[in-house]
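Student: One predicted model, sequence on top.
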2 protein chains.
Amino acid sequence: METSNLALETSRPFLTWQVILKWGKDHYRERNFNKDERIPTRPGLLYLVEKGAVRIVGETQESPLNKYNKNTVISNSENEKDEAFLGFMVGGEPFEIVVKAPYNIQAYSHVDNTSVIWLYWQDIDNWPHFKGEVFEAFRRQHQRKLLWLSVLGQKHTIDRLFGFLTLLIEEYGAPYNHGYRLPYPLTHAQIGSAIGSTRVTVTRLMGKLRQMGLISIEEDGLICLPNLSVNN
Amino acid sequence: METSNLALETSRPFLTWQVILKWGKDHYRERNFNKDERIPTRPGLLYLVEKGAVRIVGETQESPLNKYNKNTVISNSENEKDEAFLGFMVGGEPFEIVVKAPYNIQAYSHVDNTSVIWLYWQDIDNWPHFKGEVFEAFRRQHQRKLLWLSVLGQKHTIDRLFGFLTLLIEEYGAPYNHGYRLPYPLTHAQIGSAIGSTRVTVTRLMGKLRQMGLISIEEDGLICLPNLSVNN
């Protein structure tokens, strides 16, 4: 059970959280998911990650440029779905998905034994303090997404890649040796889908970052930033 | 005075807004800015755009990859600052900037006669309903940023470009002929900074989108989506 998000850990009063978890269980609003299972979501509902990790993914709509794209050379031999990785939600974090067609955002369980409870927004009116915390968490998530957008504005893919990994490990990393390590696996295709690049390019540039000593890959394939110092 | 953000317009009770504007003026918490002036911001303060438009910009930190980048061929003859365009805030929208070093997010007045008022978070405890609206606006902004991230995950620059313009005009566009038009100018360098591309590439791809009839450029340089139908 990874709940490495220390900022949240410390800001969330343990008791309210226990009360809400119990409430979720008592009201059959809790469900457990295996790795890569889709978590059904509905607008108007608020979700809380009890344990594990949730992956948020955006599916890009059918583009009017498709005709154009088919005429360009695409090194897309593998069967990559057109899904963009948009981030993790880990134990203790709230999330909601309210976007409408033609956009499509989905939540998946990123690791086995991920557990989620859900509430109607009006349910949490009973816990005004907790509601305040949910909004605080959303403020924080929003600010992180602004940083993420800054990183993706960079012209060089390697800058986007390194900036993306840094943001992710800053936020979700667990201390490891002298640096920090992302406790969840992330495929090169998933990384590419986040930074507007391909699996092949990500693999090549990850090799470059390793050579430069900026990242290391542990035996289990987990990504580590040896030089990161996180000061929350 | 463009306040084309209809979703906000209708959800914001006019009276509270007037009270808060008056409060801001009475407490000398209002300031007017010319185009491209930097709006000084501090963490812990909440800003409200009274009129005009604010541009949010992310400055990417000094990258440890700089040494590497200097050895690559960069078509960067012009003097582009390494700032990423992160979005607009228009009349009626709240914003805040709380990120800390090494990250740097700034607000600029995007058009002349942009006016902003600011409050401490505790100030708005006097208006609980308004506070709720601020959080609603942040929820909405956060969801829009997820869509933006989805768009930037696409591999082809032209897809990112068209997706980005669509999102922006969906959100801030004003009806124009049979489509919608972004009421603010945006340079090709600014667009490039948002989608991880260069001014030169944006100029070339904008030409392509025009040829395909997917965008049009009005006499004043404003970008128009002739085929967009916005259904809020």
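Tutor: Nice, I can see it.

Student: so where's chain A uncertain?
Tutor: Along chain A, the model assigns pLDDT under 70 to residues A:1-14, A:61-81, A:229-232.

Student: so A:D112, which of the three states?
Tutor: At A:D112, secondary structure determined by DSSP: H, G, I helix; E, B strand; the rest coil is coil.

Student: And it, its phi and psi?
Tutor: phi -60, psi 150 (degrees, to the nearest 10).

Student: check contacts around it.
Tutor: A:N34, A:K35, A:G52 (C-beta atoms under 8 Å, 6 or more residues apart in numbering or on different chains). Heads up, the C-betas are built off the backbone N, CA and C, glycines and all.

Student: thought the second one was touching A:A53?
Tutor: What that stands for is A:K35. No - A:K35 is beyond contact range of A:A53, at 9.7 Å (criterion: C-beta atoms under 8 Å).

Student: Between the two, which is the more surrounded one?
Tutor: Set side by side, A:K35 and A:A53 show more neighbours around A:A53, with 22 against 16, by other C-beta atoms under 10 Å in any protein chain shown.

Student: what's across from the more buried one in the sheet?
Tutor: A:V90 (DSSP bridges).

Student: Going along the chain, name the strands of chain A.
Tutor: Counting by DSSP state E, chain A has these strands, from start to end: A:30-33, A:38-39, A:45-51, A:53-59, A:83-90, A:94-95, A:104-109, A:114-120, A:174-176, A:179-181, A:216-217, A:223-225.

Student: Save the ones you listed as a markdown table, and put in distance to B:S193 too.
Tutor: Listed next are those as a markdown table, based on distance: least, C-beta to C-beta, whole Å:
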| stretch | distance to B:S193 |
| --- | --- |
| strand A:30-33 | 38 |
| strand A:38-39 | 34 |
| strand A:45-51 | 33 |
| strand A:53-59 | 21 |
| strand A:83-90 | 19 |
| strand A:94-95 | 28 |
| strand A:104-109 | 24 |
| strand A:114-120 | 36 |
| strand A:174-176 | 33 |
| strand A:179-181 | 29 |
| strand A:216-217 | 31 |
| strand A:223-225 | 25 |
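
Student: mind listing what's buried in the longest helix seen in chain A?
Tutor: As assigned by DSSP state H, the longest helix anywhere in chain A is helix A:128-152. For helix A:128-152, the buried set under the neighbour-count rule, 16 or more other C-beta atoms under 10 Å in any protein chain shown, comprises A:130-131, A:133-135, A:137-152.

Student: tell me, which of the residues you listed make contact with chain B?
Tutor: A:135, A:138-139, A:141-143, A:145-152 (C-beta under 8 Å from any C-beta of the partner chain).

Student: wait, which of those residues is closest to B:T16?
Tutor: A:F135 (18.1 Å; C-beta to C-beta).

Student: Break chain A into its domains for me.
Tutor: For chain A, automatic domain parsing gives the domain ranges A:1-152, A:155-232.

Student: A:A101 versus the nearest residue to A:A194 once chain neighbours are set aside, what's the distance?
Tutor: Spatial nearest neighbour of A:A194, excluding adjacent residues (C-beta to C-beta, 6 or more residues apart in numbering or on different chains): A:F85 at 4.2 Å. Using C-beta to C-beta, to the nearest Å, we find A:F85 at a distance of 21 Å from A:A101.

Student: A:D220 now?
Tutor: The value you get for A:D220 to A:A101, if C-beta to C-beta is used, is 39 Å.

Student: Rebuild the contacts of A:D112 as a markdown table, extending it with distance to B:Y172.
Tutor: As requested, the contacts of A:D112 are exported to a markdown table (distance: C-beta to C-beta, whole Å):
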| residue | distance to B:Y172 |
| --- | --- |
| A:N34 | 41 |
| A:K35 | 39 |
| A:G52 | 38 |
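
Student: TSV for those, including distance to chain B?
Tutor: As requested, these are exported to TSV (distance: C-beta to the nearest C-beta, whole Å):
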residue	distance to chain B
A:N34	24
A:K35	21
A:G52	20
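
Student: With respect to A:V202, which of the residues you listed is nearest?
Tutor: Among those, and counting by C-beta to C-beta, the member closest to A:V202 is A:K35, at 20.9 Å.

Student: dump the residue contacts of that closest one.
Tutor: A:S109, A:H110, A:V111, A:D112, A:T114.

Student: Verify the contact between the second one and A:F88 for me.
Tutor: In this case it means A:H110. Yes - the criterion here is C-beta under 8 Å, and A:H110 meets it with A:F88 at 6.5 Å.

Student: shared neighbours, those two?
Tutor: A:A53, A:V54, A:R55, A:Y184.
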